[in-house]
Structure formats: structure tokens, C-alpha cells
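# A structural model of the following input is requested.
(one chain, ligands or ions: 1)
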Amino acid sequence: MSERPAVDRLTCILCPVGCDLEVERDAAGGARVRGNQCDKGVPFAVEEVLRPKRNLATSVPVKGAAAKLVSVRLSRPVPREMIFPILAVIAGLRPEAPVRRGQVLVADVLGTGADVIATRTVS
Ligand code: SF4
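Below you'll find the model as predicted:
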């Protein structure tokens, strides 16, 4: 019985064309991309299938502020498997007012290279 190659299908979101991409993974850990109408679709598809990353946005309570929550997000996408561990770190945050938009609340969270930053000012 022959082993069929693993094929993932996804839509490229880098431009409005929205190419339907096929990514065929090989046993050596590489991948071949089909369906892209330009070269930008290849690294997008390979990263999405082999090393998917995500950003996240949520909010945390602020001590001593009339508006009790401040919205936060990561400064850059992180490996998808780090999202829940990072959410656990964020769940423990209780910054003191005032919090400024762009303020780093956690630098290099869990060694990912991403910072947790406030996206609004709460005073
Ligand atoms: S592969 Fe190129 S043309 Fe197709 S959606 Fe992605 S960026 Fe646009």
C-alpha cells in the first residue's frame, strides 16, 4: 500500500485575489505549494501549514481606574501553541492606572519575542 502525501488546503489572505492553495508536505519536513498566482503565496502557505502563528487580543482589569478594563494585544504573532500559555500569563495581569496606549505590560512574554501591550489609555 502506498502512502499518500499529506495535503492541506487553505485560502491565501495576502491580497483580494484569495487564491486557493494546496500544500503538499513531504516526509523530509518540506512542502510544495500549488494554486498561487504570485510568489508571495508560497511562504504564506508554508508558514501557515508548518509553523502557524496567531496574534491575540483580550482585556485585563486595571487597578484604580474608573474604566476597569484595558484592551491588550501582542506586538507580533506567536506560534499557535503558545496562545493558551500566554493567555494564562495575561489572565494574571492587574496593571495600576494610569495605563497608556502602547505601554508594554509584559516584555518578551514566555520568551516568544512578543510583548503584551495596551491598546488604549485608561486613567
Ligand atoms: S498567492 Fe499572490 S495573488 Fe494569490 S492571493 Fe496570495 S498574494 Fe494574492
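
# chain center to stretch 45-55: distance?
9 Å (CA atoms, centre = their mean, to the nearest Å).

# wait, does that stretch contact the ligand?
No: no part of stretch 45-55 sits close enough to the ligand to count as contact by CB under 6 Å from any ligand atom; the gap is at least 8.1 Å. In this view, the C-beta of every residue, glycine as well, is placed from N, C-alpha and C.

# and that stretch, what's its mean pLDDT?
Averaged across stretch 45-55, pLDDT comes to 93.

# same deal with stretch 93-110?
Rounded mean pLDDT across stretch 93-110 is 97.

# how about that stretch: buried residues?
Neighbour counts over stretch 93-110 (16 or more other CB atoms under 10 Å) mark 93, 95, 99, 103, 105, 106, 109 as buried.

# try stretch 25-37
For stretch 25-37, by 16+ other CB under 10 Å, it's 25, 31, 33, 36.

# And the last one, its phi and psi?
For residue 36, the backbone dihedrals (degrees, to the nearest 10) come out as phi -80, psi 140.

# Number of residues surrounding the one residue in the chain that gets nearest to the ligand?
Nearest residue of the chain to the ligand, counting by CB to the nearest ligand atom: residue 41, 2.6 Å away. Using other CB atoms under 10 Å, residue 41 has 22 neighbouring residues.

# Could you do residue 23 as well?
Around residue 23 there are 21 residues (other CB under 10 Å).

# Indicate whether the host helix or strand of it makes contact with the ligand.
Here residue 23 sits within strand 20-25, counting by DSSP states H and E. No: residues of strand 20-25 are not located near the ligand by CB under 6 Å from any ligand atom, the shortest gap being 7.0 Å.

# Which residues of this structure lie near the ligand?
So the chain meets the ligand at 12, 14, 15, 17, 18, 19, 36, 37, 38, 40, 41 (CB under 6 Å from any ligand atom).

# pLDDT, secondary structure and distance to residue 6 for those residues - can I get that in JSON lines?
Shown next, in JSON lines, are the residues of the chain next to the ligand (pLDDT from 0 to 100; DSSP: H, G, I helix; E, B strand; the rest coil; distance: CB to CB, whole Å):
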{"residue": "12", "pLDDT": "97", "secondary structure": "coil", "distance to residue 6": "19"}
{"residue": "14", "pLDDT": "96", "secondary structure": "coil", "distance to residue 6": "23"}
{"residue": "15", "pLDDT": "97", "secondary structure": "coil", "distance to residue 6": "26"}
{"residue": "17", "pLDDT": "97", "secondary structure": "coil", "distance to residue 6": "25"}
{"residue": "18", "pLDDT": "97", "secondary structure": "coil", "distance to residue 6": "23"}
{"residue": "19", "pLDDT": "98", "secondary structure": "coil", "distance to residue 6": "20"}
{"residue": "36", "pLDDT": "98", "secondary structure": "coil", "distance to residue 6": "18"}
{"residue": "37", "pLDDT": "98", "secondary structure": "coil", "distance to residue 6": "23"}
{"residue": "38", "pLDDT": "98", "secondary structure": "coil", "distance to residue 6": "24"}
{"residue": "40", "pLDDT": "97", "secondary structure": "coil", "distance to residue 6": "23"}
{"residue": "41", "pLDDT": "97", "secondary structure": "helix", "distance to residue 6": "19"}
